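K.L.:
Starting from these lines, generate the structure:
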Amino acid sequence: MLVVERAHLPGVDRPTLPDECFRFCRSEGGLMSGRGVVVSPGSGLVGRSSGGWDHRQVTLPADCHVHSEWSWDTGGPTSAAQGTMERTCARAEKIGLPAVVFTEHLDFEDRWRAEPRDVVDHLRPLIGPDGILRPPRLDVAGYLDCIGRCRHTFPGLRILTGVEYGQPHLWDAHAALLLDLSELDRVNGSLHTLPNGEDRSEPTTLYRLWPPDKVIWAYLAEIPRMLAGSDAFETFTHIDYAIRSWPTDDAGPFDPRRFEGGFREAMRTIASAGLSLEMNTRRLQPWIPQWWSEEGGRTITFGSDAHVPEALADHFPEAVAMVAHFGFRPGRRPEDPWSR
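P.N.:
Okay, here's the model as predicted:
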């Protein structure tokens, strides 16, 4: 049994969220909170006897942000990651997840400045003598062939195609030469790198070069530019990406309230563009669905950002409780964004 204890999170008043958002017990037959909330794989109940929750049966949503061996940062299809897509599908069936969207990395960066310590060991060979990381291009044909094989092997699982398209405002012309994005089931837009002189770098690199607050503000300022420069994606992923590598040892715990105005402005821009925001469950941030709902956000998706099968749908029961608390409800199909 794994227990996620309730903790006070900066940026959200204690009374704002129900206890179900903070304390869940995992068991083999389902997932149960400490106060009468059950989310069983596939078709669990999300409800409580009082406090505003009703006892409606809901299906766990699709995991709309999943990677396999076809994403370059896993090592690729000839690495130890070989077979990840098939193992992930098997994991989905085991836990009762109704649908998986394999959103492989689609990156075209040619000036991604990084140091070996910025990446995991198996990615260090991608950094050239000039300090530039050059990610391999997505093998579209190999990826689609693997999707077809998994659909044949797992006929009861909805397996959808997609990409996580990095910095789309810079690379739409390049993407059009590689594949037709409109043929995919889902296109997630992600912001991983920021301008760093004539190059670009990830926040983990920039935190060594800039004051921490500057990195966050630069990330938030780039979001409107990304939206203005491309309409090729339908969901903005992990708006908290720059927080992942926040230098806690030097700067203390990250407090979203210090950047609340910037996050809210970015969310308003995303909402005005008619896009969905992803509830990325790698690290649960309750203030994200709260502020998103308050800034006009109408739709939200769920994504674990899993790169290994074991991380598939991680923290989904807790995320479902949070999102439902702020008025979002499921669509007709598991992969449909939740709306309010």
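K.L.:
Low-confidence stretches in the stretch 151-300 of the chain?
P.N.:
Filtered on pLDDT under 70, the stretch 151-300 of the chain yields no residues whatsoever.
K.L.:
could you show me where the helices are in it, in order?
P.N.:
168-178, 203-206, 212-229, 248-251, 260-272, 287-294 (DSSP state H, counting those that start in this stretch).
K.L.:
Please put the alpha-carbon coordinates of the fifth one into PDB.
P.N.:
Yep, that's helix 260-272 we're talking about. Extracted in PDB, the C-alpha atoms of helix 260-272 (Å, rounded to 0.1, in the frame of the first residue of the first chain):
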ATOM      1  CA  GLU A 260       0.900  33.900  -9.700                       C
ATOM      2  CA  GLY A 261       0.300  36.900 -12.000                       C
ATOM      3  CA  GLY A 262       2.500  35.400 -14.600                       C
ATOM      4  CA  PHE A 263       0.900  31.900 -14.500                       C
ATOM      5  CA  ARG A 264      -2.600  33.400 -14.600                       C
ATOM      6  CA  GLU A 265      -1.700  35.600 -17.500                       C
ATOM      7  CA  ALA A 266      -0.300  32.600 -19.400                       C
ATOM      8  CA  MET A 267      -3.400  30.600 -18.600                       C
ATOM      9  CA  ARG A 268      -5.600  33.300 -19.900                       C
ATOM     10  CA  THR A 269      -3.700  33.400 -23.100                       C
ATOM     11  CA  ILE A 270      -4.000  29.600 -23.500                       C
ATOM     12  CA  ALA A 271      -7.700  29.700 -22.700                       C
ATOM     13  CA  SER A 272      -8.300  32.600 -25.200                       C
END
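K.L.:
How about residues contacting it?
P.N.:
Outside helix 260-272, the residues that touch it by C-beta atoms under 8 Å, 6 or more residues apart in numbering are 11, 216-217, 220-221, 223-224, 227, 236, 239, 256, 277, 287, 291-292, 294-298. C-betas here are computed from N, CA, C, even on glycine.
K.L.:
returning to what we had before: need the helices of the stretch 151-300 of the chain in a markdown table with mean neighbour count and distance to residue 196, can you?
P.N.:
Listed next are these as a markdown table, based on neighbours: other C-beta atoms under 10 Å; distance: least, C-beta to C-beta, whole Å:
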| stretch | mean neighbour count | distance to residue 196 |
| --- | --- | --- |
| helix 168-178 | 15 | 14 |
| helix 203-206 | 23 | 6 |
| helix 212-229 | 18 | 9 |
| helix 248-251 | 9 | 19 |
| helix 260-272 | 18 | 19 |
| helix 287-294 | 22 | 26 |
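K.L.:
possible to save the ones you listed as CSV with distance to residue 192?
P.N.:
Shown next, in CSV, are the helices of the stretch 151-300 of the chain (distance: least, C-beta to C-beta, whole Å):
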stretch, distance to residue 192
helix 168-178, 11
helix 203-206, 8
helix 212-229, 10
helix 248-251, 20
helix 260-272, 16
helix 287-294, 18
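K.L.:
Confirm residue 310 sits in a helix?
P.N.:
Yes. Assessed with DSSP: H, G, I helix; E, B strand; the rest coil, residue 310 lies in a helix.
K.L.:
any idea how far it is from residue 163?
P.N.:
Going from residue 310 to residue 163 by C-beta to C-beta, to the nearest Å gives 23 Å.
K.L.:
Looking at the two, which is more packed in?
P.N.:
Between residue 310 and residue 163, residue 163 has the larger neighbour count (other C-beta atoms under 10 Å), namely 30 against 10.
K.L.:
How far does stretch 329-340 sit from its chain's centre?
P.N.:
Relative to its chain's centre, stretch 329-340 lies at 16 Å (C-alpha atoms, centre = their mean, to the nearest Å).
K.L.:
ugh, typo on my part, it should be stretch 327-340
P.N.:
The chain centre lies 16 Å from the centre of stretch 327-340; the measure is C-alpha atoms, centre = their mean.
K.L.:
Could you work out the end-to-end span of it for me?
P.N.:
End-to-end span of stretch 327-340 (C-alpha to C-alpha, to the nearest Å): 6 Å.
K.L.:
again with stretch 148-158
P.N.:
One end of stretch 148-158 to the other measures 12 Å (C-alpha to C-alpha).
K.L.:
Looking only at that stretch, what residues are buried by neighbour count?
P.N.:
Using 16 or more other C-beta atoms under 10 Å as the burial criterion, the residues of stretch 148-158 that qualify are 150, 154, 157, 158.
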